[in-house]
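> the sequence and its predicted three-dimensional model are supplied below.
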There are 2 protein chains.
Amino acid sequence: MCVGLVVRAPASTPVFAGYRRNSRSATFRAMNFCSNCGSTVAHEIPSDDNRVRAVCHACNTIHYDNPRMIVGCIAEWDDRILLCRRAIEPRHGLWTVPAGFMENGETTAEGAARETLEEANAQVEILALYALYNIPHINQVYLLFRGRMLSPEFGAGSETLETRLVTETDLPWDQLAFATVRNTLRHYYADRRAGEFKVHMGTIDPVQRG
Amino acid sequence: MCVGLVVRAPASTPVFAGYRRNSRSATFRAMNFCSNCGSTVAHEIPSDDNRVRAVCHACNTIHYDNPRMIVGCIAEWDDRILLCRRAIEPRHGLWTVPAGFMENGETTAEGAARETLEEANAQVEILALYALYNIPHINQVYLLFRGRMLSPEFGAGSETLETRLVTETDLPWDQLAFATVRNTLRHYYADRRAGEFKVHMGTIDPVQRG
């Protein structure tokens, strides 16, 4: 199940309240005030729980913080796939597949198609789930799909320096932005040669395990 | 990809700030106050964004709200699987597989195993992802795994009235708590007969589509 991927965390990770919309490496600042009534919250384990939560005793609200999903797409056109060169940090100038935070009110596949449109101006039909990567140290789960481009039209969205349709040979393997993307694309080409696309799972750790 | 599952939403859904830890049907109350500095937030579209967010102009923070994951397990022991009868609302007294909100700092598989331990006092080795269900109208994604029980030991956790190992014939099909569970188990037994477990995807809508 776990394919044992590891990647080292940066020496220091910036801390944001919430997260930066476009960041893949943000961590979270603990809640100080109740988002419902504005009172100071306590950090304690509720009576029917086993974890510390932000608890507001003024309006009797427990606030939960849970992992978030990054949804993205390997967008195919014949034997090529669509890559984006990042116009934003982290990993400015490096290459990735279109992906970003899943939004409320959409499905995982709709989110992957939306990100492909926003980042690469390309319309895709989502075909199947291809990879799930856990990144527990930053409370994220990547869900990457295979998609079929509806036309060879594409271009750079506001978060993208340039977009390219590349073959396996053209792919800038040493200029990929994220371990999730590098490993997913390695599996993708191996599966394509084998004639069968499986669903791949893995976990990205901040330090080498074992 | 989408197997076209539909289930009607309840006539009225209670609104919570945050969500109830054990609820599968909670919706969210919009943020009123900045959780970082306690100031009143505005609800507006940030300059580099295309959706309304809760924005604090006092401490310059944008707060994002994103879908959450429910992780769970079809826990197998020989030809039987483990079911829990719910001791909590919603669907008190109805049957389900062990599942609950994924927590920070864990992988999806670790979360599924944890929920199986918490709700059914059973230890499992997670085998593979089995089903992904989108529930966009309540901003949730279900990730259900197949797991192998490490022993036939199990029992009722604090959120469970009783637990049972059941065969397909024994399964209380008309007493299942959730459409996600009913449909996943239908696929599960069909796949088992066919000798191959695929990954299933679907979307649960509040109203019938088409």
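Great, that's in hand.

> stretch A:105-115 and chain B, are they touching?
Yes. Judged by C-beta under 8 Å from any C-beta of the partner chain, stretch A:105-115 comes into contact with chain B through A:Gly105, A:Glu106, A:Thr107, A:Thr108, A:Ala109, A:Glu110. From N, CA and C alone the C-beta is placed, and that goes for glycine too.

> over to stretch A:50-60?
Yes. For stretch A:50-60 and chain B, the contact criterion (C-beta under 8 Å from any C-beta) is met by A:Arg51, A:Ala54, A:Cys59.

> pretty sure the last one sits against A:Asn36.
Yes. Between A:Cys59 and A:Asn36 there is a contact at 5.3 Å, judged by C-beta atoms under 8 Å.

> more crowded one of those two?
Legend: neighbour count by other C-beta atoms under 10 Å in any protein chain shown for A:Cys59 and A:Asn36, higher for A:Asn36 (22 against 11).

> biggest helix in chain A, by residue count?
helix A:179-194 (DSSP state H).

> that helix - contacts with which helices or strands?
strand A:68-77, strand A:124-135, strand A:140-149, strand A:200-203 (3 or more C-beta pairs under 8 Å, 6 or more residues apart in numbering or on different chains; DSSP states H and E).

> quick one, it and strand A:68-77 angle?
Interaxial angle, helix A:179-194 versus strand A:68-77 (axes from the mean of the first three to the mean of the last three C-alpha atoms, to 10 degrees): 40 degrees.

> mean confidence for helix A:179-194?
Mean pLDDT, computed over helix A:179-194, is 96.

> pull it out as CSV, backbone CA atoms only.
C-alpha atoms of helix A:179-194 as CSV (Å, rounded to 0.1, in the frame of the first residue of the first chain):
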residue,chain,number,x,y,z
ALA,A,179,7.9,14.5,-4.8
THR,A,180,4.2,13.6,-5.3
VAL,A,181,4.4,14.7,-8.9
ARG,A,182,7.7,13.0,-9.7
ASN,A,183,6.6,9.7,-8.2
THR,A,184,3.2,9.8,-9.8
LEU,A,185,4.7,10.4,-13.2
ARG,A,186,7.2,7.6,-12.8
HIS,A,187,4.3,5.2,-12.0
TYR,A,188,2.3,6.7,-14.9
TYR,A,189,4.8,5.9,-17.6
ALA,A,190,5.5,2.4,-16.1
ASP,A,191,1.8,1.7,-16.1
ARG,A,192,1.4,3.0,-19.6
ARG,A,193,4.1,0.7,-20.9
ALA,A,194,2.4,-2.2,-19.0
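
> circling back: now the residues of stretch A:105-115 next to chain B in CSV, with pLDDT?
Converted to CSV, those look like this (pLDDT from 0 to 100):
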residue, pLDDT
A:Gly105, 97
A:Glu106, 98
A:Thr107, 98
A:Thr108, 98
A:Ala109, 98
A:Glu110, 98
